[in-house]
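Participant: Here's my sequence, what's the structure:
(chains A and B)
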There are 2 protein chains.
Amino acid sequence: MGEVFRFLAAVAALAVSTGVTIAADAPPSGSLVAAASGLGQKALNDPAAFHFVESLTTEIGQRLAGTEAHQRAVAWAETRLKAAGFENVHSEPFTFPAWIRGAESAEIVGTVPQHLAVTALGGSVSTDANGIEAEISLFRTYDDLLAAAPGSLNGKIAVVTQRMVRAQDGSGYGAANPIRRRGPSEAAKRGAVAYLLRSLGTDNHRLPHTGALNYEDGTPRIPAAALAIPDADQLERLAVQGPVRIRLLLTPTVRESAPSWNVVGEIKGSERPDEIVLIGGHLDSWDLGTGATDDGAGVAIVFGAARLIAGLPQHPSRTIRVVLFGAEEMNFSGAAYAKAHEGETGKIVVAGEADFGARNVYSVQLPAGAAASDFGQTLDRIIAPLGANLDRRPALGGGDDIRELQKAGVPVVSLRQDGMDYFDTHHTADDTLDKIDPKQLGQAVAVWSAFTYLAASSGVDFRNLAPATK
Amino acid sequence: MGEVFRFLAAVAALAVSTGVTIAADAPPSGSLVAAASGLGQKALNDPAAFHFVESLTTEIGQRLAGTEAHQRAVAWAETRLKAAGFENVHSEPFTFPAWIRGAESAEIVGTVPQHLAVTALGGSVSTDANGIEAEISLFRTYDDLLAAAPGSLNGKIAVVTQRMVRAQDGSGYGAANPIRRRGPSEAAKRGAVAYLLRSLGTDNHRLPHTGALNYEDGTPRIPAAALAIPDADQLERLAVQGPVRIRLLLTPTVRESAPSWNVVGEIKGSERPDEIVLIGGHLDSWDLGTGATDDGAGVAIVFGAARLIAGLPQHPSRTIRVVLFGAEEMNFSGAAYAKAHEGETGKIVVAGEADFGARNVYSVQLPAGAAASDFGQTLDRIIAPLGANLDRRPALGGGDDIRELQKAGVPVVSLRQDGMDYFDTHHTADDTLDKIDPKQLGQAVAVWSAFTYLAASSGVDFRNLAPATK
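Facilitator: Residues are numbered from 1 along each chain as shown, chains lettered A, B, ... in the order given. Sure, this is the predicted structure:
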């Protein structure tokens, strides 16, 4: 495995906003550092990304894939990409089964009736039109549910109140994810007629967190919803005192073969236009908020980073392709993109997705083998002044929409943003513009622009840096 | 005006939890300080107040006056007061027009439809069953609305987006209050068909703040609701871009002559039982949350303080009367109480109400003239170690439920709690138990118990301390 990081001979006359001019014969490393650093510094004070997410969340608002609002967002994005100087702007259609929220409510019934704040999980089947009423069986951990015997939940509404851990890197979400994704089928296997979980979130507001579930084949599909965190607390206290009955109403519907689109814009490479540095985010959002941090911020970051590069007098050697994915929340756009670009995966040098909020990037994970390379060391020098470190550990994944590309052999990067409060508002009605700090968003744009510029200006081949595997 | 703070000759054999025994011939000031201080120290670690509000918010939940839940709360409170050793426990009935929330929703309509989070103001009339749809006229300050000419809002929905200021003493709420109370009639006078305001709150969550309005006689009554704060931001941004139309649906109803009750429990005075130290909170709550900080905490504080005194081997000289008012949020219980006790106001030595959340008391305001008295100076010595100061300024008011008593000549105190985050959740669905810090609640109980004990054990006559007025 050889180090193949080569600086291009022809990074001729690159001028960045700082006025740095890189002559063809200048030491390439120093010139690239200066150019990428200048780009990063410019990004810190560039309002374009914030304006992008402000406009998207204000003029479109929620844009659940499959809704008319998402279609408007696609047209809006095409217009924005064209206006910002991107080339080859177009939308790539695909179809998927769109899940559309209906009515949703829950109450404790009996002698002490109380309203509960709930929201249906994405993909949940509906209850009867009058709702479903049953006694609950409450589990304080998911493992407790898994330990329950088959049949032990017959006729019950299973409730799991396990807490999600707050962590900067989002690891608490990863650990808790099966409670939402797989919990409904695990409860159904044991006889439950419906499923409720404490929202996967780190806040204490009466705003439940939605998110997709995955029913297991061959298991009855039962209605499933998330409780707001104070409501899960309330059920824990009441369940100690005696039996609790709940009436749950959920009336979502599914629209088969709904249209969606992955929106694409490019900065054509000046020397090797067929080699692609792919950066993306997802334009679709959940329907409860306006999708500001998930993922208005992400699409704004990659837009803002690429836009600055597009504004340079000369394009980098390789093509930069910005992809605004069209159905991430329901897990369809990444597969659609990978399928449509099957013949092209070998030409994608690297792929990255910004889908972890609006705060600063604190570390960057490169494909395996790259951290110690000249590319990695050069990047580290550029991002350290921006307040980010190169992580020696390789990126194990880069985002939901590039997972299928990764499986097809495309190297991925992970620009890790501070997620300490990301799950306070994630997938809730509270995901709105006011949660974004323009200064922190600017830092994320800076790190993304530096990485993207460096990857597109260099000849680095991440595939050849990877350690040999048996 | 004479200083009439006299220590009782017969504070014989007072024993407090710290084991301090006050002999009849001990220096009275020192003994009282020791007794009241011991009570305060005990309160800091007494879980009774927290358990009280935990039980109330868990087993009853919301208890809007006029609902069946409030009636259950009244029975619950009587049981609790009796169990804690209070005497003369009873509920004093009154009737009032109860306002009951119906459906409520708002959407921006037209080519970019969006959901808005709103909640009806208490007392608002309903819209038509299909809602009301109109273009908005947006004012960034209430003064801008007041400056609008009559007729200038004909057919419009008036929207006021003025921000409320965060302040420890709640002064931001006082300043903003007319926007909610009087705004609907001011908008109606200018021709508006409905009224929306930015919630009176200091948070940025999608949980609107309800609260009562006061229609002006002779002015058309128009439907009125509060926008969640991010939704007010959104309207500000959209209104800059062009006309905005909103459809508003509110279907509240009024139940005339609904029953409510002021729940009373006493600790009969050992020497002067006809002299009354009245401390209260309100048992009713708004309907969106579970009324934890407003005013579950307040009733828990006065309950907790009086309960510790009831547990002493000997009762203080004067009677301590705890009143849990029954319709504060709609402004009926204070007047009902004052009317029912018209003949008794001269016997009420002092009245205080805890109705400002669950955090620590940072200062105490006494009736005019008392701060410099022996009583005031003694109290200051007792509360300083608890982290509260005596404020030299007199209490101008003591709470909504004791305003009518105050008008009838009853001296009032104000034990001021830290309200820095009180208006983050005030009158919202987010007013739930998790917002209460048991340690801070305990400090408030400590200061209340020290004040109440001292006032009931002394012969202080606040009326005679008041400066002469012309």
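Participant: Spit out the contact partners of the nearest residue to A:L454 once chain neighbours are set aside.
Facilitator: Closest residue in space to A:L454, ignoring its immediate chain neighbours: A:A36 at 5.0 Å, by Cβ to Cβ, 6 or more residues apart in numbering or on different chains. (Glycine included, C-beta is placed from N, CA and C.) By Cβ atoms under 8 Å, 6 or more residues apart in numbering or on different chains, A:A36 lies in contact with A:382, A:449-450, A:453-454, A:457.
Participant: Let me have these in a markdown table, adding secondary structure as columns.
Facilitator: A markdown table is the format used below for the contacts of A:A36 (DSSP: H, G, I helix; E, B strand; the rest coil):
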| residue | secondary structure |
| --- | --- |
| A:I382 | helix |
| A:S449 | helix |
| A:A450 | helix |
| A:Y453 | helix |
| A:L454 | helix |
| A:S457 | helix |
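Participant: For stretch A:324-334, measure first residue to last.
Facilitator: 10 Å (Cα to Cα, to the nearest Å).
Participant: again with stretch A:302-322
Facilitator: End-to-end distance of stretch A:302-322 (Cα to Cα): 7 Å.
Participant: Could you pull out the buried residues of it?
Facilitator: Within stretch A:302-322, the residues that count as buried by 16 or more other Cβ atoms under 10 Å in any protein chain shown are A:302-312, A:315-322.
Participant: I'd assumed A:V445 was in a helix, is it?
Facilitator: Yes: judged by three-state DSSP, A:V445 forms part of a helix.
Participant: Looks like it contacts A:D46 (just checking).
Facilitator: Yes: taking Cβ atoms under 8 Å as the definition, A:V445 is a contact partner of A:D46 at 6.6 Å.
Participant: Going by neighbour count, which residues of stretch A:200-220 are buried?
Facilitator: By neighbour count on 16+ other Cβ under 10 Å, the buried set for stretch A:200-220 is A:200-213, A:215.
Participant: which ones are touching whichever residue of the stretch 251-400 of chain A sits closest to chain B?
Facilitator: Here the residue of the stretch 251-400 of chain A nearest chain B is A:G289; by Cβ to the nearest Cβ that distance is 7.1 Å. By Cβ under 8 Å, 6+ apart, the contact set of A:G289 is A:62, A:425, A:428-432, B:206.
Participant: Roughly how far does it sit from A:I436?
Facilitator: 12 Å (Cβ to Cβ, to the nearest Å).
Participant: The contacts of A:G289: which two are farthest apart?
Facilitator: A:Q62 and A:T425 (13.8 Å; Cβ to Cβ).
Participant: joint contacts of A:V445 and A:D46?
Facilitator: A:304, A:308.
Participant: Neighbour count: these two, which is higher?
Facilitator: Remark: of A:V445 and A:D46, A:V445 carries more neighbours, 32 against 22, as counted by other Cβ atoms under 10 Å in any protein chain shown.
Participant: what's the spacing between the more buried one and A:L405?
Facilitator: Using Cβ to Cβ, we find A:V445 at a distance of 23 Å from A:L405.
Participant: Show me what the mean pLDDT comes to for stretch A:86-99.
Facilitator: If you average the pLDDT over stretch A:86-99, you get 98.
Participant: quick one: that stretch to chain centroid distance?
Facilitator: Relative to its parent chain, stretch A:86-99 has a centroid offset of 17 Å by Cα atoms, centre = their mean, to the nearest Å.
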